[in-house]
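Chemist: Dropping a prediction and its sequence here:
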Amino acid sequence: MSEFEKITATEEFDILMMRYDSAIREVRTKLEILNNELSLTSVESPISSIESRRKKDRSIYEKLKRQGNEISLESIEENLNDVAGVRVICSFVDDIYNVARMLVRQDDVTLIQVKDYIKNPKANGYRSYHMIVEIPVFFSNEKKPMRVEVQIRTVAMNFWASLEHQMKYKHDVEKAEQIMKELKACADTIADTDMRMLKIRESISAK
Ligand code: 0O2
């Protein structure tokens with residue numbers, strides 16, 4: 001049994017993972033409540049869908065190793081901010097910033113980090129708004145602050161990221177360089193289209 005397999009076989013590991021699952025549910029509920037409320041006052045809902053996932057055991061191990069960090073429960077909590085992940089898909093770019101602002105202004109939400117890959121896209125064309133937030137989760141005997149990575153992006157950015165993500169796992173793709181170039185071009189077209197769609201929406205709703 002490897003060092004990490006021994007950790008994952010413990011009850012403490014199950015408890016920690018249950019806490020991350022609970023944190024995901026808390027953040028999802030906050031987002032769903034915001035969306036329900038905003039849907040009453042606007043033509044369409046700002047959030048088109050919400051996805052969530054807890055990082056797989058193997059990915060937790062690989063990330064700790066990659067970072068050169070200790071393999072332990074304490075190290076998972078200290079060094080990994082994305083064990084709990086929530087992805088919010090919005091129709092329009094301005095909804096991304098509105099949803100982000102409304103979430104972090106809640107007084108039990110602490111903003112730990114922001115990475116705005118919309119204003120500063122990655123070299124490959126990746127765009128998305130990332131936040132690490134910390135929220136208190138209440139259990140039978142204690143209150144635990146838990147970290148959750150929230151990624152907010154448009155439907156179009158998500159479409160692009162899903163396809164690009166496949167490149168990460170396929171190492172034998174023919175003409176990989178050409179595909180990366182093509183993906184970058186698509187990312188720029190998508191960003192342009194997202195902005196044009198936003199302007200059209202503004203024109204339609206202007207009185
Ligand atoms: P998965 O399967 O989605 O969990 P790191 O996590 O160390 O790679 P960092 O700085 O901690 O990087 O986080 P960052 O840059 O905010 O982004 C992490 C997550 O954002 C990734 O998680 C992806 O979900 C997404 N992401 C970031 N860059 C790209 C990209 O170029 N293409 C795509 N498709 N997604 C990206 P994971 O852990 O890689 O994967």
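Modeler: On my side now, so go ahead.

Chemist: and the one helix or strand Arg25 maps to with the ligand, contact?
Modeler: Using DSSP states H and E, Arg25 sits within helix 11-41. No - using CB under 6 Å from any ligand atom, no contact is recorded between helix 11-41 and the ligand, whose separation bottoms out at 12.9 Å. To be clear about C-beta, it is placed using only N, CA and C from the backbone, and glycine gets the same treatment.

Chemist: pLDDT at Met1, what is it?
Modeler: Turning to Met1, the model gives it a pLDDT of 66.

Chemist: what do you get for Glu177?
Modeler: Predicted confidence (pLDDT) for Glu177: 88.

Chemist: do you know how far it is from the ligand?
Modeler: Per CB to the nearest ligand atom, to the nearest Å, Glu177 is found 16 Å from the ligand.

Chemist: do the same with Gln166
Modeler: From Gln166 across to the ligand, the span is 9 Å (CB to the nearest ligand atom).

Chemist: For beta bridges, what are the partners of Pro136?
Modeler: With DSSP bridges as the criterion, Pro136 is bridged to Pro145.

Chemist: check contacts around it.
Modeler: Asp108, Lys143, Lys144, Pro145, Met146 (CB atoms under 8 Å, 6 or more residues apart in numbering).

Chemist: Then Ala187?
Modeler: Pro121, Asn124, Gly125, Tyr126, Arg127, Trp160, Glu164.

Chemist: Just the element for it, please.
Modeler: With DSSP H and E as criterion, Ala187 is part of helix 176-205.

Chemist: what's the distance between that helix and the middle of its chain?
Modeler: Put simply, helix 176-205 sits 20 Å off its chain's centre (CA atoms, centre = their mean, to the nearest Å).

Chemist: do the same with stretch 31-41
Modeler: The answer for stretch 31-41 is 19 Å, by CA atoms, centre = their mean.

Chemist: and this protein, which residues reach the ligand?
Modeler: Going by CB under 6 Å from any ligand atom, the residues of the chain near the ligand are Asp82, Gly85, Lys115, Lys122, Asn124, Tyr126, His130, Ala161, Glu164, His165.

Chemist: ok, of the residues you listed, which come out buried?
Modeler: Asp82, Gly85, Tyr126, His130, Ala161, Glu164 (16 or more other CB atoms under 10 Å).

Chemist: pLDDT check: weakest of the residues you listed?
Modeler: Glu164 (95).

Chemist: about what we covered before: mind listing what's buried in the helix holding Arg25?
Modeler: In helix 11-41, counting by 16+ other CB under 10 Å, buried: 13, 16-17, 19-24, 26-28, 30-31, 34-35, 38.

Chemist: Next SSE downstream of it?
Modeler: Later in the chain than helix 11-41, the nearest helix or strand by DSSP H and E is strand 47-54.

Chemist: And the residue most central in space within the chain, how close does it get to Asn124?
Modeler: By CA atoms, centre = their mean, the chain has its centre lying nearest to Gln151, at 2.6 Å. Gln151 sits 16 Å away from Asn124 when distances are taken as CB to CB, to the nearest Å.
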